[in-house]
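Participant: Sharing a model that was predicted from the sequence below.
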Amino acid sequence: MRKYLLTAVIALLSMESFAQSVAVFNFATNPWGIETSTVGDDPEVGKIEDGKILEQDGIKLSCQKISARYWNRIMDDKFKWYTNNTVSFTAPENVVITKIVFKCLSYQCDLEEITQTGGVYKCDDEDSEKQFSWTGRAAMVMFKATKTSTFKSIEVTYEPETTTSIAALKTKKAQGKYIYTLQGKRLGTSDLLPSLPSGIYIVNGKKIIK
């Protein structure tokens, strides 16, 4: 009996692993056809305006300019993320993000998560700090740059949402002061709404279209 149970567990883990996919945002290849810039260009050159979506395998990357001067942009084949600007990663419906790997220039990955997902953001390479990662489970994750940072690529691992999580959504009551995705993931308090990308959210138990 134990042998069969162990086999079933291994099979289940294998299925979950197989279900995972990775979307790679490769800024050198720039499949989105965005205007690029180089060091010394005017801040307007190649700017990624608010609301512009960079989509890769269904995962959407969206920027918001908080900096007084600079928009995020692709500069010299890398993603330049300026201080205070935010970037959100949003999964399709019924899909959850489980990991985000940021491959950066040495010591240029100064980010903090501003959504309340319970995920963990850490350095994977302490010697040169060329790679950082976020791990957790969320339909949308948003980060803010605490210092200007530069990325060669960003890899987003995602998988189908589990039945258990969908069932939890049906029984969870949205609290008035929090914002939730349609998948039931809490993003933060209601004052975060203006900084979120366009989409449908649950606030005070009601669907809000932004």
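Facilitator: Arrived safely, thanks for sending. Numbers count the residues shown, from 1 in each chain.
Participant: how near is the one residue sitting closest to the centre of the chain to residue 206?
Facilitator: The centre of the chain sits closest to residue 89, judged by C-alpha atoms, centre = their mean, with a distance of 2.8 Å. According to C-beta to C-beta, to the nearest Å, residue 89 stands 25 Å off from residue 206. Placement of C-beta: from N, CA and C, glycine included.
Participant: likewise residue 61?
Facilitator: Applying C-beta to C-beta, the value for residue 61 to residue 206 is 28 Å.
Participant: More neighbours: those two, which one.
Facilitator: When residue 61 and residue 206 are compared for neighbours, residue 61 comes out ahead with 22 against 9, by other C-beta atoms under 10 Å.
Participant: can I assume the more buried one is in contact with residue 91?
Facilitator: No: look at residue 61 against residue 91 with C-beta atoms under 8 Å: they stay out of range, at 11.3 Å.
Participant: Let me know the helix or strand that the residue nearest to the centre of the chain is in.
Facilitator: Taking DSSP states H and E as the criterion, residue 89 maps to strand 86-90.
Participant: C-terminal to that strand, what's the next element?
Facilitator: Per DSSP H and E, the helix or strand that comes after strand 86-90 is strand 95-104.
Participant: now the angle from that following strand to strand 86-90?
Facilitator: Calculated by axes from the mean of the first three to the mean of the last three C-alpha atoms, to 10 degrees, strand 95-104 forms an angle of 140 degrees with strand 86-90.
Participant: so after strand 95-104, what's the next helix or strand?
Facilitator: Using DSSP H and E, the helix or strand that follows strand 95-104 towards the C-terminus is strand 111-113.
Participant: List the contacts of that next one.
Facilitator: 81, 102, 119, 121, 132, 134, 141-146, 149 (C-beta atoms under 8 Å, 6 or more residues apart in numbering).
Participant: Report the mean per-residue pLDDT for it.
Facilitator: Strand 111-113 carries an average pLDDT of 96.
Participant: got a list of contacts for the longest strand seen in the chain?
Facilitator: In the chain, with assignment by DSSP state E, the single longest strand is strand 149-160. Contacts to strand 149-160, defined as C-beta under 8 Å, 6+ apart, come from residues 16, 19-28, 56, 58-59, 61, 75, 77-81, 89, 91, 94-105, 108-111.
Participant: Also stretch 53-69?
Facilitator: With contact meaning C-beta under 8 Å, 6+ apart, stretch 53-69 is reached by 21, 23-25, 31-32, 34, 43, 48-52, 71-72, 82-92, 95, 97, 144, 154, 156, 158, 195, 197.
Participant: where exactly do the helices run in this structure?
Facilitator: 2-19, 163-171 (DSSP state H).
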